[in-house]
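Asks: Let's see this in three dimensions:
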Amino acid sequence: MALSYDLSKIENFETLCHDTMTEAEAEEAGTTFEKLLKETIFFGPGWSELEGISELEVLAGKERKLVRMSMVTHSLIFATMALGLGEIVEATEVEFYARLATLRKLRGCWLSVVEDGESVPRPITFAEVQVHRGLTTNSPNIGWAEWSRKVLEDTRRSVMEDDKVEDIRLPPWLAPVSVHVEDALSVIERLGKGLQSPEYESEEVQTRAEKLSSRHLGQVYRWAHALEEMHQKWFELDERNEEWIDAMDVLVEEE
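Replies: Presented below is the predicted three-dimensional model:
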């Protein structure tokens with residue numbers, strides 16, 4: 001799915017989300033319009049002529065300008081895919097920044113700039129996320145639990161591959177069913193402990209809990225009970241599958 005975005009709901013998006021450069025500024029930076037327009041950009045916004053200025057206006061003395069999307073705006077647009085959040089609004093801006101900062105701690109800065117010919121990490125601030133309220137993309141929204149698990153799984157695989165250590169934990173698409181069952185049980189156990197928190201003893205929270213419908217919680221506990229009963233069965237099934245695969249390997253080798 002191609003990434004699409006909308007900046008029109010961002011306050012002052014025309015100036016906030018775009019950089020401009022005059023010929024004098026280009027010269028001060030040690031470059032020219034011609035070089036900037038021919039520059040090959042592998043990842044990032046490129047410069048183009050600012051529309052709306054005719055050749056006659058230029059001849060009359062009106063200053064030419066180049067324009068490009070802001071590096072911060074460009075980075076935030078593509079970050080929506082990695083963060084599992086398709087929009088920045090007041091309700092999501094803290095979560096958006098939290099995930100962005102989490103990835104920065106794990107993998108380094110999302111954005112870098114060139115200084116003195118070298119690429120330098122450039123962290124995006126919470127204030128910059130806030131002023132981009134209204135940014136939307138078609139990236140699907142993913143909850144924190146699913147997102148953080150995926151990020152840690154990916155980071156673990158990357159670290160183990162870089163260090164050339166064979167991991168004992170298989171990636172999700174290869175892991176046996178018993179591993180998924182065990183992971184699900186740990187999530188349900190955390191849910192149970194959370195529901196025992198003193199926070200849930202308040203009248204306001206209990207009223208909200210009643211509105212959620214007790215049958216949903218009952219269903220969760222029934223799933224937990226079924227998973228506990230099935231866990232050993234799945235484990236045994238996985239062992240039998242491994243024996244079957246080994247046997248098939250032997251047959252192939254004999255042929």
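Asks: Contacts only, for the nearest residue to P140 once chain neighbours are set aside.
Replies: Distances taken as C-beta to C-beta, 6 or more residues apart in numbering put G86 closest to P140, at 6.4 Å, once the chain neighbours are dropped. For every residue, glycine as well, the C-beta is placed using N, CA and C. By C-beta atoms under 8 Å, 6 or more residues apart in numbering, the residues touching G86 are T80, T136, T137, N138, S139, P140, N141.
Asks: can you give me phi and psi for the fifth one?
Replies: Dihedral angles phi and psi of S139 (degrees, to the nearest 10) take the values phi -70, psi 130.
Asks: in the helix or strand V151 falls within, what's buried?
Replies: For V151, the enclosing helix or strand under DSSP states H and E is helix 144-162. By 16 or more other C-beta atoms under 10 Å, the buried positions in helix 144-162 come out as W147, V151.
Asks: swap in stretch 98-112?
Replies: R99, L100, A101, L103, C109, W110, L111.
Asks: Can you dump the C-alpha atoms of that stretch in PDB for me?
Replies: This file holds the C-alpha atoms of stretch 98-112, laid out as PDB (Å, rounded to 0.1, in the frame of the first residue of the first chain):
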ATOM      1  CA  ALA A  98       6.700   8.300  23.200                       C
ATOM      2  CA  ARG A  99       7.000   5.700  20.300                       C
ATOM      3  CA  LEU A 100       9.300   8.100  18.300                       C
ATOM      4  CA  ALA A 101      11.600   8.500  21.400                       C
ATOM      5  CA  THR A 102      11.500   4.700  22.000                       C
ATOM      6  CA  LEU A 103      12.800   4.000  18.500                       C
ATOM      7  CA  ARG A 104      15.400   6.700  18.900                       C
ATOM      8  CA  LYS A 105      16.700   4.900  22.100                       C
ATOM      9  CA  LEU A 106      16.700   1.500  20.300                       C
ATOM     10  CA  ARG A 107      17.800   2.400  16.800                       C
ATOM     11  CA  GLY A 108      19.100   6.000  16.800                       C
ATOM     12  CA  CYS A 109      17.600   9.200  15.500                       C
ATOM     13  CA  TRP A 110      14.900   9.100  12.800                       C
ATOM     14  CA  LEU A 111      16.200  12.300  11.200                       C
ATOM     15  CA  SER A 112      19.700  13.400  10.400                       C
END
